[in-house]
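# Dropping a prediction and its sequence here:
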2 protein chains.
Amino acid sequence: IVVKDTTSFKIDPLPSWNEGKTKAAIIDYIKDVTNKESANFIPEIDRIATFDNDGNLWSEQPAYFQLFFAMDRVKELAKDHPEWQNKQPFKAVLENDMKTLIASGEKGIMELIMATHAGITTDEFELLVKNWLETAQHPRFNKPYNQLIYQPMLELLDYLRTNDFKTFIVSGGGIEFMRPWVEEAYGIPKDQVVGSSIATEYDYNNGAPVIRRLSKIDFIDDKAGKPVGINKFIGRKPVFASGNSDGDLQMMQWTDSNPYKSFQLYLHHTDADREWAYDRESHIGQFNKGLDEALEKGWTIIDMKNDWKTIYPFQKE
Amino acid sequence: IVVKDTTSFKIDPLPSWNEGKTKAAIIDYIKDVTNKESANFIPEIDRIATFDNDGNLWSEQPAYFQLFFAMDRVKELAKDHPEWQNKQPFKAVLENDMKTLIASGEKGIMELIMATHAGITTDEFELLVKNWLETAQHPRFNKPYNQLIYQPMLELLDYLRTNDFKTFIVSGGGIEFMRPWVEEAYGIPKDQVVGSSIATEYDYNNGAPVIRRLSKIDFIDDKAGKPVGINKFIGRKPVFASGNSDGDLQMMQWTDSNPYKSFQLYLHHTDADREWAYDRESHIGQFNKGLDEALEKGWTIIDMKNDWKTIYPFQKE
Ligand SMILES: [Ca+2]
Ligand SMILES: [Ca+2]
């Protein structure tokens, strides 16, 4: 006999959020759409919530954490690639020259990704990510990267799930870079992770089958790719979408077009002291068109500095 | 307060299965891997079960049901395409000439799919599928196609879910052809459907966003594509796989390589009276290499005629 106590509702579901209109808007929405007596009631099967990851569930400064992973991997592989000493963007990585690296643009980043993320099996790649998370540290906080997740968002994810929402990640980041750690970090199972991917192929491998990662992009889950990824992987329009940059705008629009009452939540990085402050002019996580449209349409904007009591779990009292 | 009675175990979980070694093997496996005291215990998060659809959860004779859908669609669209009267494979469809249609091969079928499945939005396509299921009837049983699902498999899906397995469809059929009806038919939510797909694109459409289906294949979820699709959509190796043809062999191998104790279940169509009998020589659902490997490796083979008491739900006493 399993007994589930549903009276725990009276406990504050979002203790790391300061009282104010952002927190109230979230709670009001969830109470409304889960209330069977409300005209805005949403059946459980349609309670789909999608969350961007970089800069939304964990930090993304001073560079996307997946880029740090790729850079560390280049340094490890460099002994077998003497030619990298004089070849960009590898030279920039080996010299920790972020300026040249970033100047190499999307083409340069893609070369890095292919050199570090492909040519191995999916099992080998998963192990690399896990080992990296156990050893690498963020340059500012000197913590493993997967500790730089946002405590208030963990509470929001839990709150949604307690109310029978199914929570998904919909990220521009690599799907197989996220899967090894998001279950533990966010309580989101691997099959609820939508992201960018490289092509793979099955190899029977004499009875010990493997899936090999190829040097070819399969799908970019960003901007207009986000609704496409949502449709492909989830097959249902979300009612709740959460993101932090222009890369999430199409996901917000797509969710906003749901006939059910929907919720658009944008995280505005306004806290240079405890985290980072950036928006319209940032090269990472640019929040410009998205900010305009959020203001125009009255979407909910989290002001990190004022709305969040705590940023990271390790800072909790 | 919600009270869940877990004593219902003593009720036969598979009432439409005859007693025998197939039923016993399934029950023994599930009891073993969900028993915390067993060396073969599998944690809930790793209890992934994948099911092929055509010929495994519903029938696939005298032709894949999705092909009947495409044919009916061609007939509807024909008034706007006078050129189809003299153009194959459309001419064959309009003349109900299955022999010529099948002789047009994969190329012909693909032309049909593109003419009937693309060039519209995802919402429009979903509506077409739903309307078709409400109006079309199977030529032998004179029932809507989605009534030709297998009662014993519905019980197996339920039994697995009762034991905290997450059940997925992994089908060569179109993902968006399945999603409109599989939730109701099998209790499998849309985001747990892996299948073949055509490319799509997001269109803001002046503030009423849509996703358009393009005339381009995105992914074929068959044979070696099945482990690839499983890795892409689920991200975890299954422990339980169920299929009926050579198209499932790689999924079986992939599952068989799971370090956890795994289960491979092949459905052998042996019942010409109540359903159909076909295997090694069949053009639809060929079961030849898969049958050899199942016998060699001792995978469980359902003998439909002898193992199943009932075939379809509408035949239940
Ligand atoms: Ca982001
Ligand atoms: Ca099949």
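Right, received. Where do you want to start? Residues are numbered from 1 along each chain as shown, chains lettered A, B, ... in the order given. Ligands and ions are numbered 1, 2, ... in the order given.

# Within range of ligand 1, give me the residues from chain A.
A:D52, A:D54, A:G55, A:N56, A:N244, A:S245 (Cβ under 5 Å from the ion). Using the backbone N, CA and C atoms, a C-beta is placed for each residue, glycine as well.

# quick one: the closest residue to A:K289 other than its chain neighbours from ligand 2, how far?
Take A:K289 and drop its neighbours on the chain: the residue closest to it by Cβ to Cβ, 6 or more residues apart in numbering or on different chains is A:D246, 5.0 Å away. Taking Cβ to the ion, to the nearest Å as the measure, A:D246 falls 43 Å from ligand 2.

# List the backbone torsions phi and psi for A:D246.
In this entry, A:D246 is assigned phi and psi values of phi -60, psi -20 (degrees, to the nearest 10).

# Can you give me every residue that contacts whichever residue of chain A sits closest to ligand 2?
In chain A, the residue found nearest to ligand 2 is A:Y202; the distance is 17.6 Å by Cβ to the ion. By Cβ atoms under 8 Å, 6 or more residues apart in numbering or on different chains, the residues touching A:Y202 are A:P209, A:V210, A:I211, B:A224, B:G225, B:K226, B:P227, B:V228, B:Q250, B:W254.

# before we move on, back to that, I'd say the residue nearest to A:K289 and A:A294 touch.
No. The pair A:D246 and A:A294 fails to qualify as a contact (Cβ atoms under 8 Å) at a distance of 10.7 Å.

# Wait, A:E111 touches A:K91, no?
No. Counting by Cβ under 8 Å, no contact exists between A:E111 and A:K91, whose distance comes to 11.7 Å.

# okay, the residues of chain A next to ligand 1 in TSV with neighbour count, pLDDT and secondary structure next?
Rendered in TSV, the data for the residues of chain A next to ligand 1 read as follows (neighbours: other Cβ atoms under 10 Å in any protein chain shown; pLDDT from 0 to 100; DSSP: H, G, I helix; E, B strand; the rest coil):
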residue	neighbour count	pLDDT	secondary structure
A:D52	29	98	coil
A:D54	22	98	strand
A:G55	25	98	coil
A:N56	26	98	coil
A:N244	26	98	coil
A:S245	28	98	coil
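
# pLDDT score for A:I284?
In the predicted model, A:I284 carries a pLDDT score of 93.

# Who are the contact partners of the spatially closest residue to it that is not a sequence neighbour?
With sequence-adjacent residues excluded and distances taken as Cβ to Cβ, 6+ apart, A:I284 is closest to A:E60, at 5.6 Å. Counting by Cβ under 8 Å, 6+ apart, A:E60 touches A:D54, A:I284, A:G285.

# which one among those gets closest to B:W299?
Within the contacts of A:E60, the smallest distance to B:W299 is 42.7 Å, found for A:D54 (Cβ to Cβ).

# what pairs with the closest one across the strands?
Bridge pairing for A:D54 (DSSP bridges) gives the partners A:W58.

# For my notes, confirm A:E293 occurs in a strand.
No. Following the definition DSSP: H, G, I helix; E, B strand; the rest coil, A:E293 is helix and is not counted among the residues of a strand.

# looking at it, it is touching A:M252, isn't it?
Yes. With contact defined as Cβ under 8 Å, A:E293 counts as touching A:M252 (7.3 Å).

# What segments of chain A are helices?
Taking DSSP state H as the criterion, chain A contains helices spanning A:21-33, A:65-77, A:90-94, A:98-103, A:105-117, A:122-135, A:151-162, A:175-186, A:225-233, A:249-256, A:289-297, A:304-307.

# do you know which of these lies nearest A:I198?
Closest approach to A:I198 among the helices of chain A is made by helix A:105-117 (6.3 Å; Cβ to Cβ).

# which ones are touching A:T162?
Here A:T162 is in contact with A:P13 (Cβ under 8 Å, 6+ apart).

# any low-confidence regions in the stretch 1-150 of chain A?
In the predicted model of the stretch 1-150 of chain A, residues A:1-9 satisfy pLDDT under 70.

# Can you pull the domain assignment for chain A?
Per automatic domain parsing, the structural domains of chain A span A:7-61+A:144-196+A:219-315, A:65-135.

# Would you tell me which one of those is buried the most?
Burial of the domains of chain A is given as mean neighbour count (mean count of other Cβ atoms under 10 Å in any protein chain shown); domain A:7-61+A:144-196+A:219-315 ranks first at a mean of 19.

# chain center to that one, what's the gap?
Here domain A:7-61+A:144-196+A:219-315 shows a centroid-to-chain-centroid distance of 9 Å under the convention Cα atoms, centre = their mean, to the nearest Å.

# Can you name the residues that contact A:P13?
The neighbourhood of A:P13, defined by Cβ under 8 Å, 6+ apart, consists of A:I27, A:E155, A:D158, A:Y159, A:T162.

# Tell me the residues on the stretch 201-317 of chain A that lie near chain B, please.
Taking Cβ under 8 Å from any Cβ of the partner chain as the contact definition, the stretch 201-317 of chain A meets chain B at A:201-202, A:204, A:207-209, A:211, A:218, A:224-228, A:231-236, A:250, A:253-254, A:257.

# and if we set it to 10 Å?
Counting by Cβ under 10 Å from any Cβ of the partner chain, the positions of the stretch 201-317 of chain A adjacent to chain B are A:201-205, A:207-213, A:218-219, A:223-237, A:249-251, A:253-257.

# Centroid-nearest residue for chain A?
Most central in chain A under Cα atoms, centre = their mean is A:N53, positioned 0.9 Å from the mean C-alpha point.
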